[in-house]
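> Structure, please.
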Amino acid sequence: MRLLMIGVLMLGWAGAAQAQVATNQDVLRTAVADVIRPNMLRLDAGARGLESAMMALCAVPSPDAVAIAGQQFGKVVAAFGRVEFLRLGPVMENDRADRLLFWPDRDGMGLQQVQAVLAEEDPAATALEGLQAKSPAVQGLGALDYVLFGTGAENLATPAGAFRCAYGQTIAGNIAAIAKDMVAAWYLPGGIADHVQAPQPDHVDYGSAEEALAALVGLLADGLEGLRDQHLLPLLARDDAPAQRELAVFRRSGMSIAFVRAKLEGMAELVVRSGMARAVGQADRGLGDTIDRAFREATSALDRVTLPVEAAVADAQQAAALDDLLLLTTSLHAIMDDQLPAALGLNMGFSTLDGD
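Coordinates of the predicted model:
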């Protein structure tokens, strides 16, 4: 079934790639209407489902209810992965990006805060306003990953896990509230969607279609850079650095590779469905095919990773697949950071990951 879905997705990309986009304005409208808004709605629906599953689990604890909550969590992780790289507008307001996922947590301080909430049974963490007043580290998907799958999670199926479940339910409610706010922002008249689709010289964010398109291409470059540097490099041992498998996001739930896949698919969808790589001059017409092929090969590399991340990196063949993915994301980053902007005639700003 998974292979079938991948095939359908690839056919969708290939079909979208045939459409010739005449203007940057067309690219921007398609990006918002056909990619960004639908994926935000998918996150919103998944988050509401997760909140309902956590409520049901807390009301009647059971192994089945735990399993359902875990499945809903996986759906939200995948939905968030498709939009996580879209670090503009409502995602960046009110600290939403970190509140949804506080990561990377290289020094483990975020995990320690989650563990402290559980150990102390902090009542403030079981009320939405109380939780929202706390550190972003204890509010989002990373915290819920530990609640549902970390040490002590077996108690969720029994009355002994009442506080843990109440905390998890509040996290799910917080995620649902954030997703709802982001959807509302993307549909608000005169808001971020209108500014991206129809930039105006008097807008403080995007004064022209070229500026808005440069922002989207920059987000893709940053997303691919983050995928390489934050999700892949730490997992793979190098001559000058050992593997740091404990840094894999969502490793307790086994969603690390699924999250990487969702991020890759989300970025590929934005590039191909919007037609941005087809809005170039005649001399660069082959660039779209190059990008399509690189994303397909990256997905094929991921298809070869079938084990949980900690086992995959210890398996020679699957570690090789991750190495291939690393090379492909490096190549895609170079295209998004240099070749595509040049082909589109864009003036790119600095990378948000560089801090320059």
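
> where do the helices sit along the stretch 201-350 of the chain?
209-226, 256-274, 287-303, 309-312, 316-334, 340-344 (DSSP state H, counting those that start in this stretch).

> In PDB, list the C-alpha atoms belonging to the shortest one.
So that's helix 309-312. Provided in PDB are the C-alpha atoms of helix 309-312 (Å, rounded to 0.1, in the frame of the first residue of the first chain):
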ATOM      1  CA  VAL A 309      16.000   5.000  12.900                       C
ATOM      2  CA  GLU A 310      18.200   3.700  15.600                       C
ATOM      3  CA  ALA A 311      18.300   0.200  13.900                       C
ATOM      4  CA  ALA A 312      18.500   1.700  10.400                       C
END
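
> For that helix, which helices and strands make contact with it?
helix 256-274, helix 316-334 (3 or more Cβ pairs under 8 Å, 6 or more residues apart in numbering; DSSP states H and E). All C-beta spots, glycine's among them, are computed from the backbone N, C-alpha and C.

> Ala215 reaches Gly89, doesn't it?
No - the pair Ala215 and Gly89 does not pass the contact test of Cβ atoms under 8 Å, sitting 9.8 Å apart.

> Next, show the common contact partners of the two.
Val196 (Cβ atoms under 8 Å, 6 or more residues apart in numbering).

> Pick out the residue closest to the middle of this structure.
Gly81 (2.3 Å; Cα atoms, centre = their mean).

> I'd like the distance between the closest residue to it other than its chain neighbours and Ser256.
The shortest distance from Gly81 to any non-neighbouring residue, by Cβ to Cβ, 6 or more residues apart in numbering, is to Ala262 (2.7 Å). Distance, Ala262 to Ser256, by Cβ to Cβ, to the nearest Å: 11 Å.

> So for these two, which sits in the more crowded spot?
For Ala262 and Ser256, the more surrounded residue by other Cβ atoms under 10 Å is Ser256, and the numbers stand at 23 against 20.

> where's that one relative to Gly70, distance?
For Ser256, the distance to Gly70 equals 15 Å [Cβ to Cβ].

> biggest helix in the chain, by residue count?
With secondary structure taken from DSSP state H, the chain has its longest helix at helix 162-187.

> what sits up against the helix or strand following it?
Proceeding N to C from helix 162-187, the next assigned helix or strand is helix 192-197, under DSSP states H and E. Helix 192-197 is touched from outside by 25, 28-29, 31-33, 36-37, 88-90, 185-187, 203, 205-206, 212, 215-216, with contacts defined as Cβ under 8 Å, 6+ apart.

> distance between helix 192-197 and the chain's centre?
Mean-position distance between helix 192-197 and its chain equals 21 Å (Cα atoms, centre = their mean, to the nearest Å).

> quick one: Phe259 from Arg48, how far?
20 Å.

> and if you look at Ala124?
Distance from Ala124 to Arg48, by Cβ to Cβ: 24 Å.

> phi, psi of Pro104?
With angles defined as degrees, to the nearest 10, Pro104 sits at phi -70, psi 150.

> Which pLDDT value belongs to the nearest residue to it once chain neighbours are set aside?
Spatially, and ignoring its direct neighbours in sequence, Pro104 is nearest to Gln230 (5.6 Å; Cβ to Cβ, 6+ apart). pLDDT recorded at Gln230 is 92.

> How many neighbouring residues does Asp315 have?
By other Cβ under 10 Å, neighbour count at Asp315 equals 14.

> Just give the closest residue to it, not the sequence neighbours.
Closest residue in space to Asp315, ignoring its immediate chain neighbours: Leu307 at 6.1 Å, by Cβ to Cβ, 6+ apart.

> I'd say the one you found and Ala316 touch.
No - in this structure, Leu307 is not within contact of Ala316 by Cβ under 8 Å, at 11.8 Å.

> The two - which one has more neighbours?
More neighbours surround Leu307 than the other of Leu307 and Ala316, with 14 against 6 (other Cβ under 10 Å).

> Might you list the low-confidence residue ranges for this protein?
Where the chain drops to pLDDT under 70, the residues are 1-22, 349-356.

> what's next to stretch 315-322, contact-wise?
Counting by Cβ under 8 Å, 6+ apart, Leu232, Leu235, Leu236, Ala301, Leu302, Arg304, Val305, Thr306, Leu307, Ala311, Ala312, Val313 sit against stretch 315-322.

> In PyMOL, how would I select just the buried ones from the residues you listed?
Typed into PyMOL, the line below selects the buried ones among those, using 16 or more other Cβ atoms under 10 Å:
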select buried, resi 232+235+236+301+302+305+312+313
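
> hmm, back to that, which ones are touching the residue nearest to Gly81?
Counting by Cβ under 8 Å, 6+ apart, Ala262 has contacts Val77, Ala78, Ala79, Phe80, Gly81, Arg82.

> so of these, which ones are in helices?
Val77, Ala78, Ala79, Phe80, Gly81.

> The third one and Leu41 touch, don't they?
Spelled out, that is Ala79. No - applying Cβ under 8 Å, one finds Ala79 not in contact with Leu41, separated by 9.3 Å.

> neighbour count winner among those two?
When Ala79 and Leu41 are compared for neighbours, Ala79 comes out ahead with 24 against 16, by other Cβ under 10 Å.

> quick one, what contacts that one?
Shown in contact with Ala79 (Cβ under 8 Å, 6+ apart): Asn39, Arg42, Leu43, Ala45, Gly46, Ala47, Ala262.

> in which helix or strand would I find the first one?
Per DSSP H and E, Asn39 falls inside helix 37-59.
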